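Participant: Need a 3D model of the following:
(2 chains)
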Amino acid sequence: MTTVGNLIKKNKLMVIVALIYLALLAVSPDKATSSFNNSIYYLKEMLQVLPIIFLLTVVIEAWIPKELIIRHFGEKSGWMGNLLSLLLGSLSAGPIYAAFPISKALLGKGASISNVVIILSAWAVIKFPMLANEAKFLGVEFMAARWVLTVLAILLMAWLVGKFVKKSDLPAPEKTDSLVVIRQDYCIGCGICAKMMPMVYEMQENKAVVRADAPTLMPPEKIRQTVQKCPTKAITYTGKEK
Amino acid sequence: MDIFTLGFLIVSVILATIALIRDRQKTVAAMRKSKGMMGNMLGEIIAIIFLIGLVLTFIPPATISDVLGSSNVQLSTVLAALAGSITLIPAFVAFPLVGSLVDAGASIIPSVAFLTTLTMVGVVTFPLEKKEFGLKFAVSRNLLSFVFALLIALGMGVIL
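Facilitator: Here you go, the predicted model:
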């Protein structure tokens, strides 16, 4: 029974839409069929782009050395830094709040406020795999024009925010005693960390937490692997660097 | 399938194949991650597509082009930008949604405003952004994004 409840909870929107269709089918079958046929058209179009988006995301993930970009980030500034930020943002997947932890980590490594704005904005609007989606439904010209205008706007906006907001306006990093911290705001409960290191992580109410009885001596290499594997970068590890 | 989509598909298949040959382990891991992420969204995607069908049936194209058409662009653009700021649907499904509205006669300017604020301005994620980067950063980034979304939309109206 709990699994059914969970399924409904996870697919709330789908259940609501299905109920609307059922009600409509009872009241006016004509409208229900015509709605259904309208949807099928867009569903077919969507099915054409889905594999493209999937494959491109995989290629970017497997090929682009994102860790390398991040590692070199602090040293680069000026146009090079802007370009790297633009790349990093457009090559990532997920909604804008998924960019918060990474941006914060980069700020700690010396990235400028302007570059963080570039990463966040690019992450939000100009993701590469999504360009195929936009071209499909709105046309190639639309996609290209919006891309150019958006990149210009992002650069201008980054410069403005950089002028206005100083690093002293940002909140100080939180201090904790434990070496491994999972930020609950970002954990999506995928369970990868708990599967990789059940000694350290466990799942509680669909979120990963650090076990209270986690051993104090943990192999740093393995912890770092879980930090890397976390899809939303919710885990931070403050152990000694090699 | 149009030529552009087909071209995109062929290129991505080739790239993915090369990735598989070069580093099988890493690519398979990436596939698993990507599959998980898309699987999570699939329910929402299908639901929204069926919602589009409902919208198109109940709101006739004439009404859509009346409200979102070229007759009162200023008002509809600001309203579309506001709507984009508060809604939280993945960009993924925003494109078919906006595409269907444009097909039905909506003007391009409000459509672009909606698409841009949808992803760049986040009223729902604002508290989180404030917590991470401070009030001043969150306010100026979101406000500027809103203004620039309007500018991008106007620019698109001039170009297309």
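Participant: Every contact and neighbour count from this point should use C-alpha atoms.
Facilitator: Noted.
Participant: For chain A, which segments are assigned as strands?
Facilitator: Assigned by DSSP state E, chain A shows strands spanning A:180-182, A:201-204, A:207-210, A:235-237.
Participant: Which one, of those strands, ends up nearest to A:Ile60?
Facilitator: strand A:235-237 (22.2 Å; C-alpha to C-alpha).
Participant: residues in contact with the most centrally placed residue in chain A?
Facilitator: For chain A, A:Gly94 is the residue whose C-alpha lies nearest the centre (C-alpha atoms, centre = their mean; 2.8 Å). Listed by C-alpha atoms under 8 Å, 6 or more residues apart in numbering or on different chains, the contact partners of A:Gly94 are A:Trp123.
Participant: Apply 10 Å and report the result again.
Facilitator: For A:Gly94, the contacting residues are A:123-124, A:127, A:231-232, B:37-38, B:90-91, by C-alpha atoms under 10 Å, 6 or more residues apart in numbering or on different chains.
Participant: So, low pLDDT: which residues of the chain?
Facilitator: I went with chain A, as the question did not name one. For chain A, residues meeting the criterion pLDDT under 70 lie at A:1-3, A:66-68, A:70-77, A:173-177, A:239-242.
Participant: Correction: the question concerned chain B.
Facilitator: For chain B, applying pLDDT under 70 flags the ranges B:1, B:88.
Participant: tell me the centre residue of chain B?
Facilitator: Nearest residue to the geometric centre of chain B (C-alpha atoms, centre = their mean): B:Ala91, 3.3 Å.
Participant: who's in contact with that one?
Facilitator: Neighbour list for B:Ala91: A:94-95, A:124-125, A:127, A:130, A:133-134, B:97, B:115-116, B:118-119 [criterion: C-alpha under 10 Å, 6+ apart].
Participant: again, only this time at 7 Å
Facilitator: Neighbouring residues of B:Ala91 by C-alpha atoms under 7 Å, 6 or more residues apart in numbering or on different chains: B:Thr119.
Participant: And it, how far from B:Leu160?
Facilitator: Noted for B:Ala91: a distance of 22 Å to B:Leu160, by C-alpha to C-alpha, to the nearest Å.
Participant: Where do the helices of the chain begin and end?
Facilitator: Defaulting to chain A. Using DSSP state H, the helices found in chain A span residues A:2-10, A:12-27, A:29-63, A:66-71, A:78-90, A:99-108, A:113-125, A:128-138, A:140-164, A:192-196, A:220-229.
Participant: wrong one, chain B
Facilitator: Secondary structure of chain B (DSSP H): helices at B:3-22, B:24-58, B:61-67, B:73-86, B:91-103, B:108-120, B:126-133, B:135-159.
Participant: out of the ones you listed, deepest packed?
Facilitator: Among the helices of chain B, helix B:108-120 has the highest mean neighbour count (mean count of other C-alpha atoms under 10 Å in any protein chain shown), at a mean of 27.
Participant: how about that one, does it get close to chain A?
Facilitator: Yes - Helix B:108-120 is in contact with chain A by C-alpha under 7 Å from any C-alpha of the partner chain, via B:116, B:119-120.
Participant: so which of these would you say is closest to A:Pro51?
Facilitator: Comparing those against A:Pro51 with C-alpha to C-alpha places B:Thr119 closest, at 22.2 Å.
Participant: who touches the residue lying closest to the closest one once chain neighbours are set aside in this structure?
Facilitator: Nearest residue to B:Thr119, sequence neighbours excluded (C-alpha to C-alpha, 6 or more residues apart in numbering or on different chains): A:Ala124, at 5.1 Å. With contacts defined as C-alpha under 7 Å, 6+ apart, the neighbours of A:Ala124 are A:95-96, B:119-120.
Participant: Flag every residue of chain B that's near chain A.
Facilitator: B:5, B:8-9, B:12-13, B:15-16, B:19, B:26-27, B:30-31, B:34, B:43-44, B:47, B:49-54, B:57, B:95-96, B:99, B:116, B:119-120, B:125, B:133-134, B:136-137, B:140-141, B:144, B:148, B:152, B:156.
Participant: and the gap between B:Gly105 and A:Glu134?
Facilitator: 18 Å.
Participant: Looking at those two, which has the bigger crowd around it?
Facilitator: A:Glu134 (24 against 19; other C-alpha atoms under 10 Å in any protein chain shown).
Participant: The more buried one and A:Met143 touch, don't they?
Facilitator: Yes - with contact defined as C-alpha atoms under 7 Å, A:Glu134 reaches A:Met143; the gap is 5.9 Å.
Participant: need the contact list for the nearest residue to B:Leu20 once chain neighbours are set aside.
Facilitator: Spatial nearest neighbour of B:Leu20, chain neighbours left out: B:Thr27 (5.6 Å); criterion: C-alpha to C-alpha, 6+ apart. Contact partners of B:Thr27, counting by C-alpha under 7 Å, 6+ apart, are A:58, A:62, B:19-20.
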